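Participant: Generate coordinates for the sequence data below:
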Amino acid sequence: MKILVLMLIAYLLGSIPTGLWIGNYFYHINLREHGSGNTGTTNTFRILGPKAGTVTLIVDLLKGTVATLLPIWLGVDHFSPILIGLFAIIGHTYPIFAGFKGGKAVATSAGVLLGFAPLFLIYLLAIFIGTLYLFSMISLSSVIAASVAAISVLIFPAFHFLLPSYDLIFTIIILLIASLIIIRHKDNMTRIRQKSENLVPWGLNLSKQEKN
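Facilitator: Residues are numbered from 1 along each chain as shown. Alright, predicted model coming up:
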């Protein structure tokens, strides 16, 4: 019963559509009608600016972290807390408070890793930033980091690097999260192939996307 309650709490926590609510209540702008139409961190930065984007990033990150740490704080220790974090990611991606149309799972997934495997998160963050510098695209950086996470969780435990041993639940959930992130970015990948993906004003843009 406790695990079901924690799953529900995590899902509802993840369902808070941070960028959408900030846009509606403080800027009188519906993010769904601007930019990519997405309610996550990237589109919030692009449409509402750095202040709103930063708040959205922090809140969406903390949704995953708090959900993952809830079982630990409440002394519920007979299952892996990352399982609860997964429901925050599901809530963020398919939020009940926003018509089940949410973000692309990146920030909240990072929050889950912050609560469960912070060193692994730092490693993936380095991959993300390095890719962002080379290609100037949040979307590609997210997909590369997700792909690297999926490969690393299968390989690293064999060498006791960052992940000391194989954890079946952790491995399965990382593979699920990585798959979700990649699927959620399928439209971005199409635009990348068409050289029309949105860029950030930083980095080398090695794939030569058209700046917009």
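
Participant: what about residue 111, which SS state?
Facilitator: For residue 111, the reduced secondary structure class is helix; criterion used: DSSP: H, G, I helix; E, B strand; the rest coil.

Participant: For it, which non-adjacent residue is closest in space?
Facilitator: Leaving out its chain neighbours, the residue that sits closest to residue 111 by C-beta to C-beta, 6 or more residues apart in numbering is residue 64, at 2.7 Å. For every residue, glycine as well, the C-beta is placed using N, CA and C.

Participant: Wait, that neighbour touches residue 87, no?
Facilitator: No - counting by C-beta atoms under 8 Å, no contact exists between residue 64 and residue 87, whose distance comes to 10.0 Å.

Participant: quick one, which of the two is more surrounded?
Facilitator: Ranked by neighbour count (other C-beta atoms under 10 Å), residue 64 and residue 87 place residue 64 first, with 31 against 22.

Participant: Please identify which helix or strand holds that one.
Facilitator: Taking DSSP states H and E as the definition, one finds residue 64 inside helix 50-73.

Participant: Just name whatever secondary elements the helix or strand following that helix is in contact with.
Facilitator: Per DSSP H and E, the first helix or strand lying C-terminal to helix 50-73 is helix 82-93. If you count contacts as 3 or more C-beta pairs under 8 Å, 6 or more residues apart in numbering; DSSP states H and E, helix 82-93 packs onto helix 2-14, helix 50-73, helix 106-116, helix 168-184.

Participant: Let me know which of these is tucked in deepest.
Facilitator: Among these, judged by mean count of other C-beta atoms under 10 Å, the one packed with the most neighbours on average is helix 106-116 (a mean of 27).

Participant: Where does the record place the domain boundaries for this structure?
Facilitator: The record assigns the chain these domain ranges, following automatic domain parsing: 1-116, 118-212.

Participant: buried residues in stretch 92-100?
Facilitator: Counting neighbours by 16 or more other C-beta atoms under 10 Å, one finds that the buried residues in stretch 92-100 are 92, 93, 94, 95, 98.

Participant: one step back: what packs against the helix holding residue 64?
Facilitator: Other elements packing on helix 50-73 under the criterion 3+ C-beta pairs under 8 Å, 6+ apart are helix 2-14, helix 18-22, helix 41-48, helix 82-93, helix 106-116.

Participant: So what's the gap between the shortest one and the chain middle?
Facilitator: The chain centroid and the centroid of helix 18-22 are separated by 16 Å under C-alpha atoms, centre = their mean, to the nearest Å.

Participant: Give the rounded mean pLDDT of it.
Facilitator: With pLDDT averaged residue by residue, helix 18-22 scores 96.
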